[in-house]
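Enquirer: quick one: sequence plus predicted model below, questions after.
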Amino acid sequence: MNLFSDIRALVIEALEAMVAEGVLPAGLDFAAVTVEPPRDALHGDMATNAAMVLAKPAGRVPRAIAEALAPFLLADARIEVAEVAGPGFLNLRLAGSAWDGIVSAVLAEGTAYGRSQLGAGQSVNVEYVSANPTGPLHVGHTRGAVFGDALASLLDFAGYQVTREYYINDGGAQVDVLARSAYERYREACGHAPEIAEGLYPGDYLVPVGEAMKDKYGESLLDRPEADWMDEVREFATQAMMVMIRDDLASLGVEMDSFFSEKSLYGTGLIEKAIAELDAKGLIYEGVLEPPKGMVPEDWEPREQTLFRSTAHGDDVDRPVKKSDGSWTYFAPDIAYHYDKVARGYDQLIDVFGADHSGYVKRMKAAVSALSDGRVPLDVKLTQLVKLWKNGEPFKMSKRAGNFVTLRDVVEQVGSDVTRFHMLTRKNDAPLDFDFDKVLEQSKDNPVFYVQYAHARVSSVLRKAAEMGVGLNDAAQLEDETELKVAKRLAEWPRLVEIAAKGHEPHRIAFYLYDLASDFHALWHRGNENPALRFLQEGDAAASAAKIALPRAVAVVISAGLGILGVTPVQEMR
């Protein structure tokens, strides 16, 4: 059930009746007609812009259309008031029975309440994390992992077919550095002092990798030239790092559907095929780029290169795909990877990048647009930096990692649920402060606690109800304005899911849950003041059964919302 969608359908039905009766001309497009909560709750429960958007094509004054529309809507038992406001907005107030029905619908549908067919089964590839396989995931990866995973769950909830994908950056020079770093730890395991030169990875996390290499190879790799051991050590170390990364993700509750190796693009003709596809479209040429303003990127050369005409698809400048020496730029395998995604038949692509990759957005969008002839949209979501605090001071670096705070450091401090929820308390492109003390604080100012506390309170009520022998009644009886406010918030859930899914904004789920919890806690406190509002009515099992229908519905929606965020609802607070 989606009450906002149902009332919009009623508005459309009324408009069609007005057309049939000659009140409005035929051929009007109703696509822009909306039904939304009014900006001011005092104006009603819902408002429609129908008169405003139809006035010009209908050749009518907006207010006249609204006044004519009102009687059609009032004929429906759910509409109690239809009042014209301003130049032609129509404010609606619903009958109490409509809100009672929301509670019944939530309890009947369970956590499926709010699920949408918005996606209509479209396939979406969500690529996130995609960290270099050179060490444990750090706190920046944590935010990207949580955001990407919650977005994937949100899209699934909204009716899309979602693939969660990790792109393994194992084809560049960084894995050679990893191999050299791991080799030094191998030498250490063999009793030699490691030589961790500048530029190598110094973290202790490579110590067990070196020990595992000694177990496998003994001392057979010692005192041999790098060319003899590089390929084998690189493969060994990369696989060990991916095991570590998978374990890191698992500690956060993140499970990928697919891992795609960059290395698989080399020597297989995939890069060549992707560039040839662009060439066939007239988008590859030989030329010299003007030097960029400001910092000069690594892939710029003041000589003739093979260029992708990305400006034909919205980019600021054309981009090199092959250097003057004939080797590929960093951009070329990324084009090939996205070419493979397009070839796999996805309807939409979403990439989650760190903020330091903002310069890559336009070129990747241009590449996907060119490769798919504009058929497949690519949305690139950037996650901003996370600042860590503890005891009022910046959180220190991890000794194990060498130079950064790891995902494991964060999860071990506060747990997966707290980490995930708090990472979504800001929009992805806004900086985030993560205070280890505050995220564990039991107060209204801590949204993680506040939402979980609401669910725990409902669980407590239900335990007491069972002890009292109170049965379950899905038919709520809402009388007080505080009860109605909670029901109205529940009615917004399906609409909120669709808005969040359309905008690729899972943080909206966290915000909504906080607002729902706030409304519920307000009702709880009202019950302390007014015994008639208490969920459990002493000596009246029937009244109690009706009263607890509303908190039961609250718990259902909180569970569904936390499920999207990847957070487990708690049954009691300690």
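Expert: Noted; the coordinates are in hand.

Enquirer: residues contacting residue 527?
Expert: 533-535 (CB atoms under 8 Å, 6 or more residues apart in numbering). All C-beta atoms are positioned from the backbone trio N, CA, C, and that covers glycine.

Enquirer: in a strand, that's where it is, yeah?
Expert: No: going by DSSP: H, G, I helix; E, B strand; the rest coil, the assignment for residue 527 is helix, not a strand.

Enquirer: just for the stretch 301-450 of the chain, where's the confidence low?
Expert: 397-401 (pLDDT under 70).

Enquirer: where exactly do the strands run in it?
Expert: 305-308, 319-322, 348-354, 378-383, 386-390, 393-394, 432-435 (DSSP state E, counting those that start in this stretch).

Enquirer: please parse this structure into its domains.
Expert: 3-94, 125-169+258-383, 174-251, 447-565 (automatic domain parsing).

Enquirer: would you turn these into JSON lines with distance to residue 114?
Expert: Supplementary listing: these in JSON lines, determined by distance: least, CB to CB, whole Å:
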{"stretch": "domain 3-94", "distance to residue 114": "11"}
{"stretch": "domain 125-169+258-383", "distance to residue 114": "7"}
{"stretch": "domain 174-251", "distance to residue 114": "27"}
{"stretch": "domain 447-565", "distance to residue 114": "4"}
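
Enquirer: of all the ones you listed, which lies closest to residue 110?
Expert: Set against residue 110 and scored by CB to CB, the domains of the chain come closest in domain 447-565, at 6.0 Å.

Enquirer: now do the same end-to-end measure for that closest one.
Expert: 13 Å (CA to CA, to the nearest Å).

Enquirer: residues near residue 471, how many?
Expert: 11 (other CB atoms under 10 Å).

Enquirer: any idea of the pLDDT on it?
Expert: Looking at residue 471, its pLDDT reads 89.

Enquirer: what's the answer for residue 258, then?
Expert: Residue 258 is given a pLDDT of 97.

Enquirer: longest helix in this structure, by number of residues?
Expert: Using DSSP state H to assign secondary structure, the helix with the most residues in the chain is helix 226-251.

Enquirer: for it, buried residues please.
Expert: Within helix 226-251, the residues that count as buried by 16 or more other CB atoms under 10 Å are 229, 233-234, 236-238, 240-242, 244-245, 248-249, 251.

Enquirer: and the nearest residue to residue 340 once chain neighbours are set aside, what pLDDT?
Expert: Distances taken as CB to CB, 6 or more residues apart in numbering put residue 270 closest to residue 340, at 6.5 Å, once the chain neighbours are dropped. Here, the pLDDT recorded for residue 270 equals 96.

Enquirer: go on, residue 172?
Expert: Residue-level confidence at residue 172 comes out at 85, pLDDT.

Enquirer: what does the one 5 residues further on give?
Expert: Each residue has a pLDDT score; the one for residue 177 is 96.

Enquirer: please identify the buried residues of stretch 521-540?
Expert: Neighbour counts over stretch 521-540 (16+ other CB under 10 Å) mark 523-524, 526-527, 533-537 as buried.

Enquirer: show the end-to-end separation of it, please.
Expert: Start-to-end, stretch 521-540 (CA to CA) is 23 Å.

Enquirer: I'd like the average pLDDT over it.
Expert: 92.

Enquirer: pretty sure residue 81 sits in a strand.
Expert: Yes: under the criterion used here (three-state DSSP), residue 81 sits inside a strand.

Enquirer: you'd agree it is up against residue 90?
Expert: No: applying CB atoms under 8 Å as the test, residue 81 and residue 90 come out as separate, 10.2 Å apart.

Enquirer: comparing those two, which residue is more hemmed in?
Expert: residue 90 (26 against 14).

Enquirer: residues touching the residue nearest to the more buried one when sequence neighbours are not counted, list them.
Expert: Closest residue to residue 90 apart from its sequence neighbours, by CB to CB, 6+ apart: residue 66 at 4.6 Å. Shown in contact with residue 66 (CB under 8 Å, 6+ apart): 50-51, 84, 88-90.

Enquirer: got the confidence number for residue 66?
Expert: Looking at residue 66, its pLDDT is 97.

Enquirer: give me the number of residues near residue 488?
Expert: Neighbourhood size, residue 488 [other CB under 10 Å]: 21.

Enquirer: so what's residue 46 up against?
Expert: Each residue near residue 46 by CB under 8 Å, 6+ apart is listed here: 4, 7, 35-38, 91-92, 94.

Enquirer: same question for residue 499.
Expert: The neighbourhood of residue 499, defined by CB under 8 Å, 6+ apart, consists of 505, 508.

Enquirer: ok, residue 423 next?
Expert: Taking CB under 8 Å, 6+ apart, we find residue 423 in contact with 142-143, 146-147, 386, 432, 434.

Enquirer: one more time with 10 Å
Expert: Residue 423 sits next to 139, 142-147, 150, 252, 383, 386, 410, 432, 434, 439, 506-507, 510, 565 when contact means CB atoms under 10 Å, 6 or more residues apart in numbering.

Enquirer: same deal with residue 415?
Expert: Taking CB under 10 Å, 6+ apart as the test, what residue 415 contacts is 251, 439-440, 448, 567-568.

Enquirer: possible to save those residues as TSV with distance to residue 257?
Expert: What follows is the contacts of residue 415, written out as TSV (distance: CB to CB, whole Å):
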residue	distance to residue 257
251	18
439	29
440	32
448	27
567	20
568	21
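
Enquirer: among those residues, the buried ones, what's the ChimeraX command?
Expert: Applied in ChimeraX, the following selects the buried portion of the contacts of residue 415 according to 16+ other CB under 10 Å:
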select :251,439,448,567,568
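
Enquirer: residue most distant from the centroid, the protein?
Expert: Computed with CA atoms, centre = their mean, the residue of the chain farthest from its C-alpha average is residue 223, at 49.3 Å.

Enquirer: which residues in the stretch 201-350 of the chain form helices?
Expert: Here the stretch 201-350 of the chain has its helices, by DSSP state H, counting those that start in this stretch, at 207-217, 226-251, 270-280, 331-343.

Enquirer: tell me the angle the third one makes with helix 331-343.
Expert: Put simply, helix 270-280 runs at 80 degrees to helix 331-343, going by axes from the mean of the first three to the mean of the last three CA atoms, to 10 degrees.

Enquirer: give me the residues contacting helix 270-280.
Expert: Contact partners of helix 270-280, identified using CB under 10 Å, 6+ apart, comprise 171, 264-265, 269, 283-285, 306, 308-310, 321-322, 328, 332-340, 342-343, 367, 370-371.

Enquirer: buried residues in it?
Expert: Within helix 270-280, the residues that count as buried by 16+ other CB under 10 Å are 270-271, 274-275, 277-278.

Enquirer: export the residues you listed to a markdown table and tack on distance to residue 455?
Expert: Converted to a markdown table, the buried residues of helix 270-280 look like this (distance: CB to CB, whole Å):
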| residue | distance to residue 455 |
| --- | --- |
| 270 | 48 |
| 271 | 50 |
| 274 | 48 |
| 275 | 53 |
| 277 | 51 |
| 278 | 52 |
